[in-house]
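Colleague: What follows is a predicted protein model with its sequence.
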Amino acid sequence: MKPYIGVGLSVGVLAGIWTQVSTQTGLITWVAFVAWACFFAAGGGALGFKKGLAANLSGVIYGWLISLLITVADFPGVLAVGIALAALAMCLQAGWAPLSFIPGAFAGTAVFFGTKLSFWPTVIALVIGAGLGWLSAVLGDRTQALISKPLVVPPSDDENRPVQTA
């Protein structure tokens, strides 16, 4: 059996549950999916959770700093300058292991802007998404182990009888 059936089932079920819960509670559905994808892209497991989420949250901070810059500075190209400096910083921070997942930082900044600068709702959805990534990986591994177990066939009575020779 393909090794992706377990994770596919767990992701599918959790994605449906998350969509229903988030739309009913006003949480930002799509932002969690970005963090969920970053979890897997960063390698999954504890390391993927830490690197993906830390990078996502750093990206939100960069986005927030850019939004502050454009409110205090008033010159043509201020947004471009802010983005350029943040992009440079997101790449340079990768020299520090906890923030070494560059795509996660860019994703964090993008979702912050995509939510129209909604800081806390973005952060909450990113944390939930990273948690859903971890949960889907754990449940996926367990499900895959269950469906991949070889079928154990009990020995038949013929195998337990002594062999007769003539």
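Modeller: Alright, I've got the coordinates.

Colleague: contacts, neighbours, all on C-alpha from now
Modeller: Will do.

Colleague: Can you point out the buried residues in the longest helix seen in the chain?
Modeller: Assignment by DSSP state H gives helix 119-148 as the longest helix of the chain. Neighbour-count burial for helix 119-148 flags 119, 122-123, 125-141, 143-144 (criterion: 16 or more other C-alpha atoms under 10 Å).

Colleague: and if you look at stretch 89-96?
Modeller: Per 16+ other C-alpha under 10 Å, stretch 89-96 contains these buried residues: Met90, Cys91, Gln93.

Colleague: Assign the first one to helix, strand or coil.
Modeller: Meaning Met90. helix (DSSP: H, G, I helix; E, B strand; the rest coil).

Colleague: Compute the inter-axis angle for the helix or strand hosting Ile70 and helix 119-148.
Modeller: Using DSSP states H and E, Ile70 maps to helix 45-72. Helix 45-72 runs at 160 degrees relative to helix 119-148, counting by axes from the mean of the first three to the mean of the last three C-alpha atoms, to 10 degrees.

Colleague: Quick one: low-confidence residue ranges for this protein.
Modeller: 1-2, 151-166 (pLDDT under 70).

Colleague: Nearest the geometric middle of it, what residue?
Modeller: Trp36 (2.3 Å; C-alpha atoms, centre = their mean).

Colleague: ok, that residue - contacts?
Modeller: Listed by C-alpha atoms under 8 Å, 6 or more residues apart in numbering, the contact partners of Trp36 are Gly129, Ala130, Gly131, Leu132, Gly133.

Colleague: Next, count neighbours for the closest residue to the first one other than its chain neighbours.
Modeller: Computed as C-alpha to C-alpha, 6 or more residues apart in numbering, the closest residue to Gly129 that is not its neighbour in sequence is Ala32, at 3.8 Å. With neighbours defined by other C-alpha atoms under 10 Å, the count for Ala32 comes to 28.
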